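[1] The sequence and its predicted three-dimensional model are supplied below.
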Amino acid sequence: MLFLALAVACSLGIAMVFKLAERREYDRTALLTVNYAAGALLAIALQDPGQAETITPGLVALGVGQGVLFIVGFWLFSLAIRLAGMGLAAGVMRLSVVIPVLASWVIWGEMPAALQFVGLVLAGGAFVLVSRPAPQDAAPEAVRGPAALDAAHEPAAPEAASGGKTALVLGLLFLSGGLVDTLMKAFDEGFAATVDKSLFLLFVFGVAFVVGAVAVVASGVRTGRWPRGGALVWGVGLGIINYASADFLLRAVAVLSGPVVFPANSVAIVLGAALLGWVIWKERLSRANLVGLGLAIVALACLTLGQTPEADETTEPPRSIASVPSGDD
């Protein structure tokens, strides 16, 4: 559970960096692009020269696909915020956890225990309640829950759009979020026994950087506005935390089953984001948000306790990235 806790902590750190960077009005796309460049450089620094021999077409395809999903998923999230509001967009993003859980069950035979099924149901309820958007006619200071994390920089109401367009964007967001975690699991199952995680993350962050760089340059040429230098500094810090988050998530997937890692990770992030907003930025929580936080705690307990000793014994141990000595990092 240590690697899972560290992955959650890094994810919350990413949210904190975004919050602080947005208050300084740095360009999001530029920030993400620098972040992926820093992550790619970190992956290069951690490379074992002999790892080049383990590169296969399947690994390249998986890394490229994951890299595209990384940055496209963020773009979809930003668009969903404009069309449907922060609360609904965040809720859909976190609810996408059902995709990797089902994939772990159907593809890799990781059957959730009875208590874990209960945890999954409670987690779904927690997502809906904690991510519940504030009423549109509420005053700015009344924004509640995790939606308040970016309230100062979001429009008072979602952008007007057709129901079909909004549904399409939310559906694609749901799919991309679930596929990101599913591909993490696919790497663990198919390549982690022979390939160091830093090589996989090099492909992921490298591809995401290229896609982001093209978008930044195209925007700069079209508008004549280029990112400020501060985005470089914040982007590097974000990249280090982002790389650590992916690294720890891969390690967690190697020693715990998918039905435990993915729901617990998502619920803990939603719970942590709400608590950080309340404690650090004095954001008030609605009654529904508080009930959701309570459900999240119970869901985490069910998902954790549901990992029985028998399940641990049937899971192939440190055949994957978990066997990589931590000193390599």
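    Done, it's in.

[2] and the gap between the residue lying farthest from the centre of the chain and residue 45?
    Ranked by distance from the centre of the chain (CA atoms, centre = their mean), the top residue is residue 224, with 31.8 Å. Relative to residue 45, residue 224 is positioned 35 Å away (CB to CB, to the nearest Å). Quick note: C-beta positions are derived from backbone N, CA and C, even for glycine.

[3] if we can go back for a sec, over to the residue farthest from the centre of the chain: give its phi and psi.
    Dihedral angles of residue 224 (phi, psi; degrees, to the nearest 10) stand at phi 80, psi 0.

[4] roughly how far apart are it and residue 215?
    For residue 224, the distance to residue 215 - CB to CB - is 16 Å.

[5] and what of residue 196?
    For residue 196, the distance to residue 215 (CB to CB) stands at 29 Å.

[6] Could you do residue 234 as well?
    Residue 234 is 18 Å from residue 215, by CB to CB.

[7] what does residue 167 give?
    Distance, residue 167 to residue 215, by CB to CB: 25 Å.

[8] So which of the two has more stuff around it?
    A count of neighbours by other CB atoms under 10 Å puts residue 215 above the other of residue 167 and residue 215, at 16 against 13.

[9] give me the element the more buried one is part of.
    helix 197-223 (DSSP states H and E).

[10] Can you give me the buried ones in that helix?
    Residues 197-213, 215-216, 219 are the ones in helix 197-223 that count as buried (16 or more other CB atoms under 10 Å).

[11] likewise stretch 107-119?
    Residues 110, 112-113, 115-116, 118-119 are the ones in stretch 107-119 that count as buried (16+ other CB under 10 Å).

[12] Most widely separated two among these?
    Spanning the widest gap among the buried residues of stretch 107-119 are 110 and 118, at 16.7 Å by CB to CB.

[13] now for the strand or helix carrying residue 173, which elements pack on it?
    Here residue 173, judged by DSSP H and E, is contained in helix 163-190. Packing partners of helix 163-190 (3 or more CB pairs under 8 Å, 6 or more residues apart in numbering; DSSP states H and E): helix 57-84, helix 86-95, helix 98-106, helix 230-255.

[14] Which of those helices sits closest to residue 39?
    Residue 39 lies closest, by CB to CB, to one member of these: helix 230-255, at 4.2 Å.

[15] Determine the angle, from 0 to 180 degrees, between the next helix or strand after the closest one and helix 98-106.
    Heading C-terminal from helix 230-255, the first helix or strand you meet, by DSSP H and E, is helix 258-280. For helix 258-280 against helix 98-106, the angle by axes from the mean of the first three to the mean of the last three CA atoms, to 10 degrees is 160 degrees.

[16] Helix 258-280: how far from the chain's middle?
    11 Å (CA atoms, centre = their mean, to the nearest Å).

[17] Could you pull up the mean pLDDT of it?
    Averaging pLDDT along helix 258-280 yields 79.

[18] which of the residues in the helix or strand that that helix is followed by are buried?
    The element immediately downstream of helix 258-280 (helix or strand, assigned by DSSP H and E) is helix 287-305. Counting neighbours by 16+ other CB under 10 Å, one finds that the buried residues in helix 287-305 are 289-293, 295-296, 298-300, 302-304.

[19] what inclination does helix 287-305 have with respect to helix 258-280?
    140 degrees.

[20] Not counting its own residues, what contacts the helix or strand containing residue 3?
    Taking DSSP H and E as the definition, residue 3 sits inside helix 2-23. By CB atoms under 8 Å, 6 or more residues apart in numbering, the surrounding residues in contact with helix 2-23 are 28, 31, 149-150, 152-153, 231, 234, 237-238, 241-242, 244-245, 248-249, 251-252, 255-256, 261, 264-265, 268-269, 272-273, 276, 281, 322.

[21] need the contact list for the spatially closest residue to residue 113 that is not a sequence neighbour.
    Distances taken as CB to CB, 6 or more residues apart in numbering put residue 306 closest to residue 113, at 4.2 Å, once the chain neighbours are dropped. Applying CB under 8 Å, 6+ apart, one finds that residue 306 lies in contact with 112-116, 118-119, 259-260.

[22] could I get these as TSV with secondary structure?
    Output for the contacts of residue 306, formatted as TSV (DSSP: H, G, I helix; E, B strand; the rest coil):
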residue	secondary structure
112	coil
113	coil
114	helix
115	helix
116	helix
118	helix
119	helix
259	helix
260	helix
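
[23] could the residues you listed be laid out in a markdown table, adding distance to residue 102?
    Converted to a markdown table, those look like this (distance: CB to CB, whole Å):
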| residue | distance to residue 102 |
| --- | --- |
| 112 | 10 |
| 113 | 15 |
| 114 | 17 |
| 115 | 18 |
| 116 | 13 |
| 118 | 16 |
| 119 | 15 |
| 259 | 9 |
| 260 | 14 |
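
[24] where does the stretch 201-329 of the chain have low pLDDT?
    Filtered on pLDDT under 70, the stretch 201-329 of the chain yields the residue ranges 283, 307-329.
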